[in-house]
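> One predicted model, sequence on top.
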Amino acid sequence: MGKHVVIKEGDLLVCLGGGYFGTKAARLGRECKARTLIIDTNPDCAAREIANVVLTEPGTIKAGQVSLIVGDATEILSGILEGETPKWIIPAAPGHSLGKFINSWLRAKGLKVASGGDLLTEVLAGLPHRLVLSADEKSGILISSYMEKGLRCKTDCSQFGICPVTKRKKPAPMYGLLEFSVSEAVDYHKIFISRQFDGVGGVAGAKVKKTLKYLASLTPPYSLAIGVSCRCHGILSLLKVEGN
């Protein structure tokens, strides 16, 4: 079991993506006797090999069971959040899967959502340049890290002050830096803190549900930043939301 997050028997884990990290999450969920649901559009994804059952829609999951549901993550996760609150949501699909989910969720509410890439200049002004791995104006997505390109983190790293690979000092957690960089650049923002366990990052389901409730109360137009970050790495989506 991970050192930083305790997963209890019967907890509901929802994983967006059934690839490499989704498979790791599935193994962890089974080991901890959680109720693990993997969502992927590919019925033959890597996590299929360890799934106990393949579903076409959410159903009852027993403790220790891994279920794969084939379908659209936005629709399925939205339905789940209307009822039970997952203990952890694991964004394991390529790219900013949680950002994509919230983007699609807003669109499903009938709102127009566009990239906020033109806001990147102001966001980057508040973030140390050497920590920026990429900043794409077209998509409005920024990736930041204390790790340098081409290098990999040490397995199960628990050092917060200095990176054991690069020896680079980490005076502040990445989620704090992202919070600072977007605070005056957008109207609203939410940086989800990713808790690490056995090489997999999870976001508290209650935090996601609370954020959706808050977004539903907002009146467009507004600019929005949605990020997911641990102490060392982060990904950020900048969006512009308009009404019908």
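Done, it's in.

> quick one, longest strand in the protein?
strand 233-242 (DSSP state E).

> can you list the domain ranges for the protein.
12-94, 108-199+206-242 (automatic domain parsing).

> of all the ones you listed, which lies closest to Ile102?
domain 108-199+206-242 (5.2 Å; C-beta to C-beta). From N, CA and C alone the C-beta is placed, and that goes for glycine too.

> And that closest one, how far out from the chain middle?
10 Å (C-alpha atoms, centre = their mean, to the nearest Å).

> So that it lines up with my notes, have the first residue be 51 from now on.
Sure thing, new numbering starts at 51, so read that last one as domain 158-249+256-292.

> For that domain, measure first residue to last.
Domain 158-249+256-292 stretches 13 Å from its first residue to its last (C-alpha to C-alpha, to the nearest Å).

> who's in contact with the residue nearest to Cys280 when sequence neighbours are not counted?
In space, and not counting its chain neighbours, Cys280 is closest to Ser244: 4.4 Å by C-beta to C-beta, 6 or more residues apart in numbering. Counting by C-beta atoms under 8 Å, 6 or more residues apart in numbering, Ser244 touches 251-253, 278-280.

> Repeat that for Asp237.
So Asp237 contacts 272-274 (C-beta under 8 Å, 6+ apart).

> Next step: the residues you listed restricted to strands.
272-274.

> Flag the shaky bits of this structure, pLDDT-wise.
51-55, 204-209 (pLDDT under 70).

> Tell me the one among the ones in strands among the contacts of Asp237 nearest to Val236.
Ser273 (4.2 Å).

> My understanding was that that closest one contacts Glu292; is that so?
No: with contact defined as C-beta atoms under 8 Å, Ser273 does not count as touching Glu292 (10.4 Å).

> out of the two, which sits in the busier spot?
Using other C-beta atoms under 10 Å as the criterion, Ser273 and Glu292 rank with Ser273 on top: 19 against 11.

> would you turn the contacts of Asp237 into a markdown table with distance to Pro144?
Shown next, in a markdown table, are the contacts of Asp237 (distance: C-beta to C-beta, whole Å):
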| residue | distance to Pro144 |
| --- | --- |
| Tyr272 | 28 |
| Ser273 | 25 |
| Leu274 | 22 |
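
> From the residues you listed, pick the one nearest Glu187.
After measuring those against Glu187 - C-beta to C-beta - the closest member comes out as Ser273, at 14.6 Å.

> Next up, the contacts around that closest one.
166, 169, 235-238, 288-291.
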